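Chemist: compute the structure for the input listed below.
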Amino acid sequence: FGVVLRSEVADKEAMEALLADSGLDWTVVRVGLLSDEPPHGAWRAADDGSIRGMGKVTRADVAAFMLAQLASPLWLRRRPVLVSGA
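Modeler: As a prediction, this is how the structure comes out:
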């Protein structure tokens with residue numbers, strides 16, 4: 001993807017650098033393949049490199065994860081990768 005989406009990747013990296021330097025509270029949620037399936041109600045999030053490849057996650061589960069972050073400092077100023085499953 002780095003070759004095909006070179007400018008998009010550069011834009012994403014520039015945006016994340018601006019966020020990191022902003023002093024704001026932020027969380028960048030990274031997802032792979034989004035599906036319209038019903039929510040599974042369980043997901044796995046990690047920023048340690050343990051999630052590899054383009055995992056799949058439902059849009060509803062991404063929304064639930066993001067809403068949960070409003071009340072939790074766990075992923076504050078971090079970039080978790082999110083996939084379905086527990």
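
Chemist: correct me if wrong, but Asp21 is in a helix.
Modeler: Yes: Asp21 sits within a helix when classified using DSSP: H, G, I helix; E, B strand; the rest coil.

Chemist: any idea how far it is from Arg77?
Modeler: Between Asp21 and Arg77 the distance, using CB to CB, to the nearest Å, works out to 11 Å. Where you see a C-beta, it was placed from the backbone N, CA and C, and this is true even at glycine.

Chemist: neighbour count winner among those two?
Modeler: Between Asp21 and Arg77, Arg77 has the larger neighbour count (other CB atoms under 10 Å), namely 14 against 8.

Chemist: helices of the chain, start to end?
Modeler: For the chain, helices defined by DSSP state H occupy the ranges 6-22, 59-69.

Chemist: which stretch in these has the least confidence?
Modeler: Comparing mean pLDDT across the helices of the chain, the weakest is helix 6-22, with a mean of 91.

Chemist: check the offset of that one from the chain's centre.
Modeler: With CA atoms, centre = their mean, to the nearest Å as the basis, helix 6-22 stands 14 Å off its chain's centre.

Chemist: which parts of it are buried?
Modeler: Neighbour-count burial for helix 6-22 flags Leu19 (criterion: 16 or more other CB atoms under 10 Å).

Chemist: mind giving me the packing neighbours of that helix?
Modeler: Using 3 or more CB pairs under 8 Å, 6 or more residues apart in numbering; DSSP states H and E as the contact test, no helix or strand touches helix 6-22.
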